[in-house]
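Student: build me a model from this:
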Amino acid sequence: MSAFDIALVQVAARDDETPAQRLDRGVALLRASARPVAMAMFPELWTVGFSNFDGYKTYAEPLDGNIVTTLAQLARDRNIWLHGGSFVERTADGNLHNTSVLFNPQGDIVATYRKIHLFGYQSRETQILTPGTAPVVVETDLGTFGLSTCYDLRFPELYRAYINAGVDVSLVTSAWPFPRLEHWQILSRARAIENLTWLVACNTCGSISGMTFVGNSVVYNPWGTPVARAGEDETIVYTQIDPAMATGVRERFPAVSDRRDIGAAEWA
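Tutor: As a prediction, this is how the structure comes out:
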C-alpha cells in the first residue's frame, strides 16, 4: 500500500432542483476538477436530499438504476475508486434502504453497504427505510476500508468491528444537520482517535425540505488530527491518505491491542 489522493465532493442540497438535476450537477463538479485523485466520495442521499422524506419512495432505484449506472460511468471515465455516497435503494422484495456503493476504477461494484443505524429523531427515516444488518469491509489496492453512514458515528461498536477486521480507513458518508455541528466534529474525531484509524467523512451542505446541513467534510489521521476540512459551502476537499500510517501508529501507541474483554457489568 502507498499513499493516495482523495476528493470529498461536498454537494449542496437545494429545493430548486430535482434529484436528477442534482445528480448531474454533482457529477459535473467532479468531472470539472483538474486535480488527479485515486478516490472520490459523495455525501449521504445527496441526490434525493436526506430530509425529502416524501421523495424517498418516488425516487428509489434498484442497484442497476440510473444513479448507480451514472456513477459507475464516472468511475470509469476518471479511472478512480468512487464512493457514490448513498441513495434510496428499492430491493426486489419492495424494501427501501439507505445504500452506499463503492466502485472500482473499471466501474464495477465492489461493495454495497446498507445503513445499519437509521435516524428517527425529527426524521422519518426509521418509518420509511429498512435498516441494514451487517458491517461491510472491502480490501482494495489502496487499503482496507470500512463503510458507514452518518448516524452510525454515534455507535462506536461498529468501528470496533472494523478495527477487528483490519480496516485502515473508515469511510463515512453523511447528511449531518445543524444545530449539531459540535457532535459531528467530536464524534468523527473520536472514532479516529479511539481506533487509531483514518476517518474520512463526506457531508452535505445547503438546505432542503426545511433542514440545513453543516457541511464541514473532514479527514482525520490515526492520531485524530484533521488533515483536511471544508466549510459550510459547496466545495471539493482534497487530501492525501497513507493507510500504512494506521499500522505504524498502532505499533507505537498500542491502545487497540491493550483492549481487554471486560465481560458483563456486575451489580454491586
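
Student: who's in contact with the residue most central in space within the chain?
Tutor: Geometric centre of the chain, nearest residue: Thr173, 1.9 Å, by C-alpha atoms, centre = their mean. Applying C-beta atoms under 8 Å, 6 or more residues apart in numbering, we find Thr173 in contact with Met41, Phe42, Pro43, Glu44, His83, Gly85, Ser86, Ser100, Ser148, Thr149, Cys150, Cys202. Yep, even glycine has a C-beta here, placed from its N, CA and C like the rest.

Student: what about the first one, neighbour count?
Tutor: Here the count is done by other C-beta atoms under 10 Å, and Met41 has 27 residues near it.

Student: tell me the bridge partners for it.
Tutor: Leu8, His83 (DSSP bridges).

Student: my guess is it contacts Gly85, does it?
Tutor: Yes - counting by C-beta atoms under 8 Å, Gly85 is a contact partner of Met41 at 7.0 Å.

Student: what's the most distant pair in the contacts of Thr173?
Tutor: Phe42 and Ser148 (14.5 Å; C-beta to C-beta).

Student: neighbour count: these two, which is higher?
Tutor: Phe42 (29 against 26).

Student: how close does the more buried one sit to Asp54?
Tutor: When C-beta to C-beta, to the nearest Å is the yardstick, Phe42 and Asp54 sit 22 Å from each other.

Student: one more: Tyr113?
Tutor: For Tyr113 relative to Asp54 (C-beta to C-beta), the value is 25 Å.

Student: swap in Gln106?
Tutor: 36 Å.

Student: now Ile208
Tutor: 11 Å.

Student: neighbour count for these two, which is higher?
Tutor: Ile208 (24 against 12).

Student: got any residues that touch both of Met41 and Gly85?
Tutor: Thr173, Cys202.

Student: wait, Phe178 touches Thr212, no?
Tutor: Yes - contact criterion C-beta under 8 Å: Phe178 and Thr212 qualify, at 5.0 Å.

Student: so what's the closest residue to Leu142 other than its chain neighbours scoring on pLDDT?
Tutor: Excluding the flanking residues, the one nearest Leu142 by C-beta to C-beta, 6 or more residues apart in numbering is Phe4, at 5.1 Å. pLDDT recorded at Phe4 is 98.

Student: now the phi/psi pair for Phe4, please.
Tutor: Per-residue torsions, Phe4: phi -140, psi 160 (degrees, to the nearest 10).

Student: please name the bridge partners of it.
Tutor: Ile241.

Student: ok, it - contacts?
Tutor: If you count contacts by C-beta under 8 Å, 6+ apart, then Phe4 has Val37, Ala38, Met39, Leu142, Gly143, Gln240, Ile241 around it.

Student: for the stretch 101-250 of the chain, just list every one of the strands.
Tutor: 109-114, 136-139, 144-149, 169-174, 198-203, 205-208, 211-214, 218-220, 226-229, 235-241 (DSSP state E, counting those that start in this stretch).

Student: listing partners with orientation, what would you give for the fifth one?
Tutor: In the sheet, strand 198-203 lines up against strand 169-174 (parallel), strand 218-220 (antiparallel) (DSSP bridges).

Student: if we look at the shortest one, which residues are touching it?
Tutor: Under the criterion C-beta under 8 Å, 6+ apart, residues 6, 8, 185, 188-189, 192-193, 198-201, 226-230, 237, 239, 241 lie in contact with strand 218-220.

Student: which of the residues you listed count as buried?
Tutor: 6, 8, 185, 188-189, 192-193, 198-201, 226, 228-230, 237, 239, 241 (16 or more other C-beta atoms under 10 Å).

Student: just the helices in this structure please.
Tutor: Taking DSSP state H to define them, one finds helices in the chain at 19-31, 56-59, 66-78, 125-128, 156-164, 181-195, 244-252.
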